[in-house]
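Student: A structural model of the following input is requested.
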Amino acid sequence: MMGAALPNLATAMGQDTLVISVAAGTPIARFEAEFGAKAKVIRAMPNTPAAIGRGITAIIGNQNCGSADHDLADSLLQAVGQVVRLETEDQIDAVTGVSGSGPAYVFYMIDCLAAAARAEGLPDEMAMAFAKATVAGAGALAMEAQESPEQLRINVTSPNGTTQAGLEVLMNEANGLSPLIRETVKAAAARSRALKG
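Tutor: As a prediction, this is how the structure comes out:
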């Protein structure tokens, strides 16, 4: 859709217009090709928790953007959550794979936890309530706590207890959560790179 949209926008652009794009897979060079080599362009990759002011957005500007332009984009996007300035445009593909697509992974994890709870005997609504509250609460604790996520995990894990039994499955180096998440983020980042083509 950007191929059709950008030429129409180019006619409305002023010389000092700052373009802030949230279009995945559309590199800064594409905007410069449409709007001219002097165009000021900032790419941004927000995520859906922005809908409740809990998002995180990565930004990167081209060489035409000064500190005031970055500050303006930062200020605008802080209205929906945290803002992180990237060092290079290539980093946006990793951001897309982690935080841009990441909410969908977490929503799927909630569904999986609820399904597992149902399989262990909880009624549907109760299973979903426990799954949602557990993920939301753990995420909030991870954001607020001074300890690292690793230490928070250790704090919950009693030796030879229930959590350890579950973690032995999740932390299996061959087919546990870590290799699965690596492949998940890798696939999303690769798709982000491919969209530029």
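
Student: From here on, just use CA atoms for contacts and neighbour counts.
Tutor: Fine.

Student: This structure - how does it break down into domains?
Tutor: Using automatic domain parsing, the domain ranges for the chain come out as 2-88, 102-195.

Student: Where does the prediction get shaky in the protein?
Tutor: Across the chain, residues meeting the criterion (pLDDT under 70) sit at 197.

Student: Report the separation between the residue nearest the centre of it and residue 172.
Tutor: For the chain, residue 99 is the residue whose C-alpha lies nearest the centre (CA atoms, centre = their mean; 1.1 Å). Residue 99 sits 24 Å away from residue 172, going by CA to CA, to the nearest Å.

Student: now swap in residue 45 and tell me
Tutor: For residue 45, the distance to residue 172 - CA to CA - is 32 Å.

Student: Same drill for these two, tell me which one is more crowded.
Tutor: residue 45 (21 against 12; other CA atoms under 10 Å).

Student: so that one makes contact with residue 100?
Tutor: Yes. Residue 45 is in contact with residue 100 according to CA atoms under 8 Å; the separation is 6.5 Å.

Student: My guess is residue 43 contacts residue 29. True?
Tutor: No. The criterion here is CA under 8 Å, and residue 43 misses it with residue 29 at 10.6 Å.

Student: what about the two, which has more around it?
Tutor: Of the pair residue 43 and residue 29, residue 43 is the one with more neighbours under other CA under 10 Å, namely 24 against 13.

Student: Spell out the secondary structure type for the more buried one.
Tutor: strand (DSSP: H, G, I helix; E, B strand; the rest coil).
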